[in-house]
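>>> generate a structure from the sequence data that follows.
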Amino acid sequence: MNIAEEIFQNANFGSTAVIEKGVAHTYESLDLRCKSLCDWLKECHGFFSTARIGLTGTDSVSYLILSLAILRAGGCFVPIAPELSESEVVELSRTLHLDGILHAPKGVENPEFSSLSHPVCPWQGAYASLNPALIRFSSGTTGDAKGILLSHETLRDRILTANAGLGIGPHDRILWVLSMAHHYAVSILLYLYHGATIILPESNQADSLLSSAIEHGATVLYGAPFHYVMLSAGEAHPAWPTLRLAVSTTAGIPHAAAESFSSIYGVHPSQALGIMEAGLPFINHDAAAEKPGAVGRPQPGVETRILDEEGGQVATGRAGRLELRGPGMFDAYISPWRTRDMVTLDGGWFSTGDIAQTDADGFHYLKGRTKSVISVGGMKFFPEEVENVLITHPGVAEARVLAREHPTFGSVPEAEIVVSNEVPVTSAELLKLCKNRLARYKIPARIVFVEKIPKTASGKIQRH
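Predicted coordinates:
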């Protein structure tokens, strides 16, 4: 099966798929433009069935069409976030053995395809056998994977499971506020698969978001906590009568922000938990106001268990390691190549890396991480990525990067530095180094010089 083909097979061609700059693009127009690009892609040198194709570009209807064209032509779509540095793009390309990169600097009418060559891909045969559709370049939940592969079948299972809680349908109009490069499977594909309309505002400023929402009758807001903080700021707020569902993902929404948004717009944000390896296994859609700290009960078809350090089930109200299984689980990790069966535990259980507990009603609450992922406005990374850059400076002996709470972005990175005796080093030098090597959201908001960094008995950096 092909997920892009199914989107158009199910579509009502006369209905609106995307609204951009006030212009409505129907499913029929998306279908025609996508088919044209499919034919063009198949003629490009370096493109073939299962080819891994990176896509660069900003959020737009052009980005949507190009991504669908890659999928429809039989390629595997690899989103390349626009904020990545040149060295990060090179590393992504090398690690994933990209076969080409599709650039769209001027929109869908003038795409550019660059064919790439790498050493022979050692996992090509196993990869091609999985009907690959999407690879997210990420450190992954386990902290050491550099690519998460989803097949066409997995994508379909994932969006059907997620929509059991979201309930998106042709009547819905979703105000788009996230990054398409970071949020695609259970957002973009889910909305189009279920015949909804995606509204692309002209900017991510609060007044632009609200004017687009009101003008086009947005019914759904699916965003990060800082969107809710931003939309609740100030004194004057226009009425948003069409809003029926507000979902907060990427991090826990502050209670005050949720209450403020609810009092202004009449809809309490529902907390959700998205996991790249597992989709959207939790949405607190039935007790958002009563249990604001919960991520909810598992979606239909999703099973969970919470275990102690010895592997035993913990009692209700006690914290432990969260594991889950269900439809839409990832197909493989890349570099090193590991299929789902090689990663999951007996019985197909996947360890999420979260510490969680349940209450008497079965609602799940997150209490921390077994590994220290940092989330900045919904964009996640591991501190080791930043530490590995910092220690390349000869004036740095050791580095530790931690998440510091931030009222708008949820958290921001902060670096602690132990200096070496080789050369002097300043904060400005280290920030410049990070700016040259890392995406903007990974750059430390503050650098602190310390005498030593706390370590565990085994010599590992303490994260908490």
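>>> just so I have it, where are all the strands in the stretch 101-250 of the chain?
112-115, 132-136, 148-151, 173-175, 197-200, 220-223, 245-248 (DSSP state E, counting those that start in this stretch).
>>> actually the stretch 251-400 of the chain, not the one I typed
Going by DSSP E, counting those that start in this stretch, the stretch 251-400 of the chain shows strands at 270-275, 279-283, 303-307, 320-325, 332-333, 338-339, 350-358, 364-369, 374-376, 379-381, 396-406.
>>> of these, which is nearest Val186?
When those are compared by CB to CB, strand 279-283 sits nearest Val186, at 4.7 Å. Using the backbone N, CA and C atoms, a C-beta is placed for each residue, glycine as well.
>>> now that closest one against strand 303-307, angle please.
80 degrees (axes from the mean of the first three to the mean of the last three CA atoms, to 10 degrees).
>>> helices of the protein, start to end?
Secondary structure of the chain (DSSP state H): helices located at 3-10, 27-42, 61-72, 86-96, 124-128, 152-166, 190-193, 206-216, 225-232, 255-265, 340-343, 383-390, 427-437.
>>> make TSV out of these and add mean neighbour count, mean pLDDT and distance to Ser115.
TSV is the format used below for these (neighbours: other CB atoms under 10 Å; pLDDT from 0 to 100; distance: least, CB to CB, whole Å):
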stretch	mean neighbour count	mean pLDDT	distance to Ser115
helix 3-10	18	97	22
helix 27-42	18	96	12
helix 61-72	25	96	14
helix 86-96	16	91	12
helix 124-128	14	97	16
helix 152-166	22	96	24
helix 190-193	24	98	28
helix 206-216	17	96	38
helix 225-232	23	87	38
helix 255-265	17	90	47
helix 340-343	14	94	30
helix 383-390	20	86	28
helix 427-437	16	94	26
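>>> save those helices as JSON lines, and put in distance to Met276 too.
Below are those laid out as JSON lines (distance: least, CB to CB, whole Å):
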{"stretch": "helix 3-10", "distance to Met276": "17"}
{"stretch": "helix 27-42", "distance to Met276": "25"}
{"stretch": "helix 61-72", "distance to Met276": "17"}
{"stretch": "helix 86-96", "distance to Met276": "15"}
{"stretch": "helix 124-128", "distance to Met276": "18"}
{"stretch": "helix 152-166", "distance to Met276": "10"}
{"stretch": "helix 190-193", "distance to Met276": "15"}
{"stretch": "helix 206-216", "distance to Met276": "25"}
{"stretch": "helix 225-232", "distance to Met276": "18"}
{"stretch": "helix 255-265", "distance to Met276": "24"}
{"stretch": "helix 340-343", "distance to Met276": "13"}
{"stretch": "helix 383-390", "distance to Met276": "16"}
{"stretch": "helix 427-437", "distance to Met276": "23"}
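>>> between the ones you listed, which one is closest to Ile135.
Here helix 86-96 is closest among those (CB to CB), at 6.0 Å.
>>> neighbouring contacts of that closest one?
52, 54, 78, 80, 84, 98, 101, 116, 118, 135, 137, 146-147, 334-335, 436-439 (CB atoms under 8 Å, 6 or more residues apart in numbering).
>>> from those residues, list the buried ones, please.
52, 54, 78, 80, 84, 98, 101, 116, 135, 137, 146-147, 334-335, 437-439 (16 or more other CB atoms under 10 Å).
>>> just list the residues touching the nearest residue to Leu390 once chain neighbours are set aside, thanks.
Leaving aside its sequence neighbours, Leu390 sits nearest to Ala399 (CB to CB, 6 or more residues apart in numbering; 4.0 Å). Listed by CB under 8 Å, 6+ apart, the contact partners of Ala399 are 386-387, 390-391, 415-418, 453.
>>> equivalent analysis for Leu116, please.
46, 93, 98-101.
>>> do Ala104 as well
Contacts of Ala104 (CB under 8 Å, 6+ apart): 55-57, 62-63, 66, 110-112.
>>> distance check, it against Leu37.
10 Å (CB to CB, to the nearest Å).
>>> could you name every residue contacting both of the two?
Between them, Ala104 and Leu37 share the contacting residues 66, 111, judged by CB under 8 Å, 6+ apart.
>>> which residue packs closest to Ile443, ignoring adjacent ones?
Per CB to CB, 6+ apart, closest to Ile443 is Cys434, 4.6 Å.
>>> kindly apply the preceding question to Asp31 instead.
In space, Asp31 is closest to Phe8, 4.8 Å off (CB to CB, 6+ apart).
>>> list the contacts for that neighbour?
27, 30-31, 34.
>>> redo that, cut-off 10 Å
Phe8 makes contacts with 2, 17, 27-28, 30-32, 34-35, 68, 72, 192, as judged by CB atoms under 10 Å, 6 or more residues apart in numbering.
>>> swap in Ser114?
44-46, 54, 56, 93, 98, 100-103.
>>> what do you get for Ser420?
391, 393-398 are the contacts of Ser420 under CB under 10 Å, 6+ apart.
>>> now Val61
17-21, 23, 25, 29-30, 33, 107-108, 198, 200.
>>> make it 7 Å
18, 20, 25, 200 (CB atoms under 7 Å, 6 or more residues apart in numbering).
>>> any idea how far the residue nearest to Ile443 lies from Gly100?
If you go by CB to CB, the gap between Cys434 and Gly100 works out to 29 Å.
>>> quick one, domains of this structure?
For the chain, the structural domains run 1-371, 374-449, going by automatic domain parsing.
>>> am I right that the residue nearest to Ile443 is in contact with Ala445?
No: contact criterion CB atoms under 7 Å: Cys434 and Ala445 do not qualify, at 10.9 Å.
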